[in-house]
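> what's the 3D shape of this:
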Amino acid sequence: MITIVEANSKKLLKDFVKFPFTIYKNHPYWVPPLIADELETFDKTKNPAFTSAEAYFYLAFKENKIVGRIAAIINWGEVKDQQKKKVRFGWWDVIDDIEVTKALLEKVYELGHKNNLEYVEGPMGFSNLDKVGVLTEGFDEIGSMITWYNFPYYKNHLEMLGFTKEKEYLENRFPFSNVKPEMFSKVNELIKKRYKLKAINFSNNKDIMPYVDEMFDLFNASYASLSSFVAITAVQKEFFKNKYISFINPEYIKFIVDKDQKMIAFSIVMPSFSKALQKAKGSLFPFGFYHLLKAKKESKEVLFYLIGVDPEYQSKGVTAIIFIEYYKTFKEKGIQNCIRTPELEENHAIHNLWKHFDPEVFRKRRTYSKIL
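Numbers count the residues shown, from 1 in each chain. Okay, here's the model as predicted:
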């Protein structure tokens, strides 16, 4: 018999966070999150996502043992502002028992019916800066700190329960040796001169902070046309600023401004923390912090996390300036591999940015939907 219990206490929420550590124990490709970081994400008093969203967390028990988990989420900004009558599900992990998946999803359906919503989609988080998608290809590749890993049967469970593909996401990579600076040098100088632009680089995180709010405004503007986009709110800006910016190597953040110092493009890259997080095993102490700090300083693999260009400049070659700046930084640091975060298959503009580097798609993931 399967019993579903809401994780509405500190103990149950911790059980919710730690469940994947059980089914993926010693798995070579799963990258564990930091437990404290996950708990903060689910804390209504700390995560500003809850100012415009509500979420409920459920555990599935079978024979007094946890066998699955799921979060049922409504992003009210999405429902009210975009008129998308959708209930989301995320942080879904389960043993290979479709009855467990079915029982967990019933709680998501209940939330949708209760609020007169029309369909369910997932896996996805609260916003576009959360993890997204169930892995469908690339199971033999190590994951990243900003993606979910899952077994192949996850996809099968959803399809057997009547879910169909909603959105496809591609993950690409290319060796740094594919980047030829001569392809961008002349364009870089031409674009800077024509539009009176300049690049801003950083050597410490403190100098970045005054630009962060403007960066998130530009992020909202540059992605607004995508069908799945939900804008980042003012309180979320503050949360992400304090939580993540100080953790990123300052030299991996690049801004492009015009003659009036208005930001017209930005990019954030992170070193790969995958192997460091595997060694940390969910905790910063006693040795997790050391592994992460070592990766921050020494990783030869980088992850392109965010890139945004003002719509007015999106077809004017501005990314040549960004690529030249990164080329100089990566060459100095001896970077060997570049990975791109999940990008919507339909986002042809972003795919065109990378075509000169001969990237390969090495992972695919998708969200699934179902009419309620």
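> make it CA atoms for all contacts and neighbour counts henceforth
Will do.
> C-terminal to the helix or strand where K297 lies, what's the next element?
Element membership for K297 (DSSP states H and E) is helix 288-298. Sequence order places strand 301-309 as the next helix or strand after helix 288-298, per DSSP H and E.
> Can I get the helix holding K297 as CSV, trimmed to CA atoms?
Output of helix 288-298 as CSV, limited to C-alpha atoms (Å, rounded to 0.1, in the frame of the first residue of the first chain):
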residue,chain,number,x,y,z
GLY,A,288,32.6,20.2,1.3
PHE,A,289,33.6,23.8,1.4
TYR,A,290,37.2,22.9,0.6
HIS,A,291,36.2,20.9,-2.4
LEU,A,292,33.9,23.7,-3.7
LEU,A,293,36.6,26.3,-3.2
LYS,A,294,39.2,24.2,-4.9
ALA,A,295,36.8,23.7,-7.9
LYS,A,296,36.2,27.5,-8.0
LYS,A,297,39.9,28.1,-8.3
GLU,A,298,41.1,25.2,-10.4
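> now what about that helix, what contacts it?
I248, N249, P271, S272, F273, A276, L277, K279, A280, K281, G282, L284 (C-alpha atoms under 8 Å, 6 or more residues apart in numbering).
> My understanding was that the third one contacts F330; is that so?
No. Between P271 and F330 there is no contact, the gap being 10.7 Å when judged by C-alpha atoms under 8 Å.
> more crowded one of those two?
P271 (23 against 20; other C-alpha atoms under 10 Å).
> Now do the contacts for the more buried one.
N249, A295, K296, S299, K300, E301, V302, L303.
> same question for the helix or strand containing H351, mean pLDDT?
Using DSSP H and E, the secondary-structure element containing H351 is helix 348-353. Mean pLDDT, helix 348-353: 81.
> Between the contacts of P271, which sits nearest A221?
Of all the contacts of P271, L303 has the smallest distance to A221: 22.4 Å, by C-alpha to C-alpha.
> What is the neighbour count of that closest one?
Applying other C-alpha under 10 Å, I find that L303 has 20 neighbouring residues.
> again with E312
The number of residues packed near E312 is 9, by other C-alpha under 10 Å.
> where do the helices sit along the chain?
Secondary structure of the chain by DSSP state H: the helices cover 10-23, 35-41, 76-81, 98-114, 153-160, 185-195, 209-223, 234-244, 274-280, 288-298, 319-333, 348-353.
> most packed of these?
helix 274-280 (a mean of 22; mean count of other C-alpha atoms under 10 Å).
> That one - contacts with which helices or strands?
When contacts are defined as 3 or more C-alpha pairs under 8 Å, 6 or more residues apart in numbering; DSSP states H and E, helix 274-280 packs onto helix 288-298.
> would you turn the contacts of helix 288-298 into JSON lines with distance to K193?
What follows is those, written out as JSON lines (distance: C-alpha to C-alpha, whole Å):
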{"residue": "I248", "distance to K193": "30"}
{"residue": "N249", "distance to K193": "29"}
{"residue": "P271", "distance to K193": "31"}
{"residue": "S272", "distance to K193": "34"}
{"residue": "F273", "distance to K193": "37"}
{"residue": "A276", "distance to K193": "42"}
{"residue": "L277", "distance to K193": "43"}
{"residue": "K279", "distance to K193": "47"}
{"residue": "A280", "distance to K193": "47"}
{"residue": "K281", "distance to K193": "49"}
{"residue": "G282", "distance to K193": "48"}
{"residue": "L284", "distance to K193": "46"}
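> what angle do the helix holding K297 and helix 319-333 make?
Put simply, helix 288-298 runs at 110 degrees to helix 319-333, going by axes from the mean of the first three to the mean of the last three C-alpha atoms, to 10 degrees.
> Just give the nearest non-adjacent residue to I98, would you?
H157 (5.7 Å; C-alpha to C-alpha, 6 or more residues apart in numbering).
> Thought F219 was touching F229, still the case?
No. Assessed by C-alpha under 8 Å, F229 is found out of contact with F219, at 10.5 Å.
> what does stretch 186-203 rub up against?
208, 250-251, 253-259, 316-318, 320-322, 324-325.
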